[in-house]
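Undergrad: below is the sequence, then the predicted model.
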Amino acid sequence: MGNRDRNPSAANLTKLESYRAEKSLGLNQDITRRDFLNSTLLASGVALLSHASPAEILAQQASQASAPGGDDWTGYGGVGDYSNSNGNTMAVFEAGHRIRDGEFESAPTNFIETGETYDCVVIGGGISGLAAALIFHRKAGEGKTCLVLDNHPVFGGEAKRNEFLVDGHRLVGHQGSALFQVNYPQSFIERFYQSIGLKTPRLEYQKWGSSDPEIPLATTPYLGSAPYGLYFGAKFGQPKGVWVTDPWGKKLEGAPLSAKLREELLKTQSPDPSVKAPEYRGDAISRRLDTITLEDHLMEKYHISRETVRTFLTPDEGSAFGLGPDALSGYTAYAFDGFGPTLDDENQMFPDGNSGIARLIVKTLIPDSIGGQHSLEDVCRNSINFSALDRPGAPARIRLDSTAVWVKHEGDAAKSQFVTIFFTREGKLYKVRARSAVMAGGSWTTKHIVRDLPQDRKDAYSQFYRSPCMIANVAVRNWRFLYKMGISGAQWYEGFGTYLQLRKLALCGAESPTIGPDDPVIITLKVVYSRPGHSTEEQGHMGRGEMISIPFREYERQIRQQLTEMFARSGFDASRDIAGIILNRWGHAYASPAPGFYFGKDGKPAPGDILRCAPFGRIAFANVDLSGMPDHKSSIIEADRAVEQVLGQMLA
């Protein structure tokens with residue numbers, strides 16, 4: 001025994017080294033409990049969470065301590081309204097996989113009859129579904145009823161928030177959907193914004209609040225509007241890492257790249273003027289682009305190699321569609337132009353992303369669903385009144401934790417007066433009836449649960465592909481390690497994620513009116529799962545497989561290692577500086593249009609057009625999928641069209 005203790009085995013040495021590595025990264029610290037539950041934070045947090053009393057705050061956080069996320073896969077969910085709804089939790093995944101695995105293929109027999117009949121049932125409580133409910137409520141007339149069924153614990157789809165309490169400060173970040181723009185005053189979207197209370201869409205943001213010299217900060221989590229750096233690590237023969245700040249201003253000087261590769265990358269800043277952009281959606285240029293991949297288009301636009309595109313442009317080009325350029329239609333580069341012009345190119349963002357828009361819609365639909373007045377401040381800061389969402393007898397209701405599994409007309413769809421809908425909740429199966437239905441969930445579920453879907457719609461849905469994404473929100477006690485480098489953002493090409501960008505928050509939901517390098521902030525890392533060389537469908541499946549298979553702790557390790565590798569030399573200490581981590585895993589985050597999606601192929605119409613042109617009986621189809629423009633504006637536009645269609649059927 002004595003000899004073995006003095007001469008530890010290789011296995012014991014490995015364990016010791018592993019323990020030391022974990023300790024240096026802070027993995028041995030239970031940050032998901034400790035930093036949010038000590039008495040100091042509980043006391044200081046009382047004033048930050050709406051109008052709740054100290055007793056209510058203590059009760060809420062105590063309940064979160066006993067069930068923080070509920071499992072080792074979902075991980076910690078933060079505090080506040082969304083503490084049990086960070087991305088697709090394990091419970092949401094399991095409910096969805098029951099549909100995928102064919103559990104409800106046969107007509108349900110063992111169910112609870114609710115006795116409820118609605119004029120419209122909306123499947124899906126993301127922005128498209130919420131907008132559909134509000135538009136139906138406004139257009140259908142007095143006395144008409146609407147029910148929204150959503151499979152998550154909180155409405156909003158990917159437009160949700162994460163909240164942390166760090167050293168007495170309340171921090172808010174987005175889970176997914178992030179941006180909106182200021183549109184022209186008479187546009188449909190601008191009128192919709194105003195109708196939900198967003199009358200001044202140009203938001204005010206935090207001011208610089210430090211005695212240190214100010215550096216520019218972005219208002220969004222995306223690179224480009226503030227100073228950032230490129231990091232090159234072991235993949236580029238730099239095991240200790242090399243930073244290049246202001247990379248384009250310095251023309252990549254100091255980057256560990258060959259002269260040829262540097263030249264190719266600089267070409268991406270100056271596209272070939274002879275490569276023309278489409279003049280309008282559906283012109284000859286746009287139709288040609290839809291026959292090739294975005295990767296091929298970038299190669300001809302910049303005169304660069306395929307390798308350069310896959311190594312350096314994949315994190316940017318195509319990331320708004322969830323995959324690398326090799327898997328996407330070339331028209332995705334211009335798809336968002338279909339919304340028409342905006343007043344300027346400046347993106348706006350609530351502190352919690354487009355959760356702010358989802359909350360405004362719900363507050364408009366159900367006035368007492370969020371406490372306080374119908375103002376940006378109150379809607380962003382106050383808590384959701386969950387008991388108000390599904391009140392018996394109310395004309396508009398939102399039923400959460402309810403996964404629709406069966407939607408079918410009663411009899412012949414062309415003559416039917418009702419649609420039957422079954423949904424699961426807390427392990428039980430329930431039935432409701434509707435005079436119309438709007439399918440506002442994603443294509444990956446709609447094609448399964450509409451049980452009498454005609455073959456042409458099935459064939460159309462077979463051309464829809466969705467890809468996963470993970471948003472990791474990391475609460476840090478300060479960001480001086482970035483400030484010392486003179487940057488507020490970074491991009492890299494290996495390891496966990498691909499970029500981060502510090503942002504100043506809109507004042508309507510920020511705790512502090514100022515920001516400085518010693519303030520706690522949320523750093524957001526985005527992970528998309530591109531697999532160049534595989535088909536669009538295959539890449540989606542492969543990415544989901546990877547994202548689902550990795551437990552929270554392993555992702556936490558990767559995040560800590562990535563930030564340590566890049567920023568330890570500028571003073572970052574993972575053990576000291578990271579106060580909390582929340583993972584938001586979205587299994588079908590993005591619509592990923594392959595070539596032929598926008599304008600069709602082989603002489604057949606575009607799949608989205610088949611589903612948009614007319615309802616199927618009393619069922620209409622919404623969701624961002626249909627346009628191939630993954631933006632909340634598209635969600636609202638599709639919702640408006642779908643509601644018009646079901647109202648037409650009801651009146652007929």
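TA: Sure thing, it's come through.

Undergrad: just checking, what's the longest helix in the chain?
TA: If you go by DSSP state H, the chain has its longest helix at helix 632-651.

Undergrad: what mean pLDDT does that helix get?
TA: In this model, helix 632-651 carries a mean pLDDT of 91.

Undergrad: cool, and stretch 73-80?
TA: Averaging pLDDT along stretch 73-80 yields 94.

Undergrad: same question for stretch 331-339.
TA: Averaging pLDDT along stretch 331-339 gives 86.

Undergrad: so how far is it off the chain centroid?
TA: 19 Å (Cα atoms, centre = their mean, to the nearest Å).

Undergrad: buried stuff in it?
TA: 331-339 (16 or more other Cβ atoms under 10 Å). Where C-beta positions appear, they are placed from N, C-alpha and C, glycine not excepted.

Undergrad: the longest strand belonging to the chain: how far from the chain's middle?
TA: For the chain, the strand with the greatest residue count under DSSP state E is strand 578-591. Centre-to-centre, strand 578-591 and its host chain are 8 Å apart (Cα atoms, centre = their mean).

Undergrad: and that strand, what does it pack onto?
TA: helix 31-37, strand 161-166, strand 466-476, helix 536-549, helix 552-567 (3 or more Cβ pairs under 8 Å, 6 or more residues apart in numbering; DSSP states H and E).

Undergrad: poorly predicted segments of the stretch 51-200 of the chain, please.
TA: For the stretch 51-200 of the chain, applying pLDDT under 70 flags the ranges 51-70.

Undergrad: which residues of it fall in strands?
TA: Along the stretch 51-200 of the chain, counting by DSSP state E, counting those that start in this stretch, strands occupy 112-118, 120-123, 146-149, 161-166, 169-174, 180-183.

Undergrad: flag the shaky bits of this structure, pLDDT-wise.
TA: Applying pLDDT under 70 to the chain flags residues 1-23, 28-70, 315, 318, 339-344, 651-652.

Undergrad: quick one on the thing from earlier: what's the closest of the strands of the stretch 51-200 of the chain to residue 311?
TA: Proximity to residue 311, assessed across the strands of the stretch 51-200 of the chain by Cβ to Cβ, is greatest for strand 169-174 (28.3 Å).

Undergrad: now the helices and strands packed on strand 578-591 in TSV, with mean neighbour count and distance to residue 184?
TA: Shown next, in TSV, are the helices and strands packed on strand 578-591 (neighbours: other Cβ atoms under 10 Å; distance: least, Cβ to Cβ, whole Å):
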stretch	mean neighbour count	distance to residue 184
helix 31-37	18	44
strand 161-166	26	29
strand 466-476	26	30
helix 536-549	18	34
helix 552-567	20	41
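
Undergrad: please identify which of the ones you listed is closest to residue 122.
TA: It is, among these and with distance given as Cβ to Cβ, strand 466-476, at 19.8 Å.

Undergrad: list the buried residues for stretch 259-274?
TA: The neighbour-count check on stretch 259-274 (16+ other Cβ under 10 Å) flags 261, 264-265, 268 as buried.

Undergrad: for those residues, could you give me CSV that also reports distance to residue 154?
TA: Listed next are those as CSV, based on distance: Cβ to Cβ, whole Å:
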residue, distance to residue 154
261, 46
264, 45
265, 42
268, 40
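
Undergrad: so which bits of stretch 427-443 are buried?
TA: Of all the residues in stretch 427-443, those buried under the rule 16+ other Cβ under 10 Å are 429-443.

Undergrad: check stretch 205-223 too.
TA: 205-206, 208, 215, 217-223.

Undergrad: contacts for that stretch?
TA: Residues outside stretch 205-223 that contact it (Cβ atoms under 8 Å, 6 or more residues apart in numbering) are 174, 178-179, 203, 224-227, 316, 346-349, 483, 486-489, 491, 499-507, 510, 512-519, 524, 526.

Undergrad: which residues of the stretch 101-250 of the chain fall in helices?
TA: Ranges of helices within the stretch 101-250 of the chain are 127-139, 188-195, based on DSSP state H, counting those that start in this stretch.

Undergrad: between those, which one is nearest to residue 625?
TA: Shortest distance between residue 625 and the helices of the stretch 101-250 of the chain, using Cβ to Cβ, is found for helix 127-139: 9.2 Å.

Undergrad: same list, the helices and strands packed on strand 578-591, but as TSV with distance to residue 639 please.
TA: As requested, these are exported to TSV (distance: least, Cβ to Cβ, whole Å):
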stretch	distance to residue 639
helix 31-37	36
strand 161-166	22
strand 466-476	19
helix 536-549	24
helix 552-567	34
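
Undergrad: leaving out the residues flanking it, which one is nearest to the spatially most central residue of the chain?
TA: Nearest to the geometric centre of the chain sits residue 176, at 2.0 Å (Cα atoms, centre = their mean). Take residue 176 and drop its neighbours on the chain: the residue closest to it by Cβ to Cβ, 6 or more residues apart in numbering is residue 158, 3.1 Å away.

Undergrad: what about the one you found, neighbour count?
TA: Using other Cβ atoms under 10 Å, residue 158 has 28 neighbouring residues.

Undergrad: surely it meets residue 588?
TA: No - using Cβ atoms under 8 Å as the test, residue 158 is too far from residue 588 to be in contact (9.6 Å).

Undergrad: neighbours of residue 534, how many?
TA: For residue 534, using other Cβ under 10 Å, the count is 17.

Undergrad: how near is it to residue 467?
TA: Distance, residue 534 to residue 467, using Cβ to Cβ, to the nearest Å: 11 Å.

Undergrad: ok, residue 80 next?
TA: Separation of residue 80 from residue 467 (Cβ to Cβ): 29 Å.

Undergrad: with residue 521 instead?
TA: Counting by Cβ to Cβ - residue 521 and residue 467 are separated by 28 Å.

Undergrad: what of residue 543?
TA: Note on residue 543: its distance to residue 467, by Cβ to Cβ, is 6 Å.

Undergrad: common neighbours of these two, please.
TA: Applying Cβ under 8 Å, 6+ apart, one finds that residue 543 and residue 467 are jointly contacted by 528-529.

Undergrad: I'd guessed residue 90 sits against residue 77; true?
TA: No - the pair residue 90 and residue 77 fails to qualify as a contact (Cβ under 8 Å) at a distance of 11.5 Å.

Undergrad: ok, those two, which is more surrounded?
TA: residue 77 (25 against 16).

Undergrad: and for residue 614, the neighbour number?
TA: For residue 614, the number of neighbouring residues by other Cβ under 10 Å comes to 12.

Undergrad: likewise residue 114?
TA: Using other Cβ under 10 Å, the number of residues around residue 114 comes to 13.

Undergrad: show me the contacts for it.
TA: Contact partners of residue 114, counting by Cβ under 8 Å, 6+ apart, are 430-432.

Undergrad: among those residues, which are in helices?
TA: If you go by DSSP H, those have nothing in helices.

Undergrad: residue 234: which of the residues you listed is nearest?
TA: The nearest member of those to residue 234, counting by Cβ to Cβ, is residue 430 at 53.9 Å.

Undergrad: and the gap between that closest one and residue 94?
TA: From residue 430 across to residue 94, the span is 18 Å (Cβ to Cβ).

Undergrad: residue 518 too?
TA: Taking Cβ to Cβ, one finds residue 518 at 43 Å from residue 94.

Undergrad: so where do the helices sit in the stretch 351-500 of the chain?
TA: Counting by DSSP H, counting those that start in this stretch, the stretch 351-500 of the chain has helices at residues 355-365, 376-381, 443-449, 455-461, 480-483.
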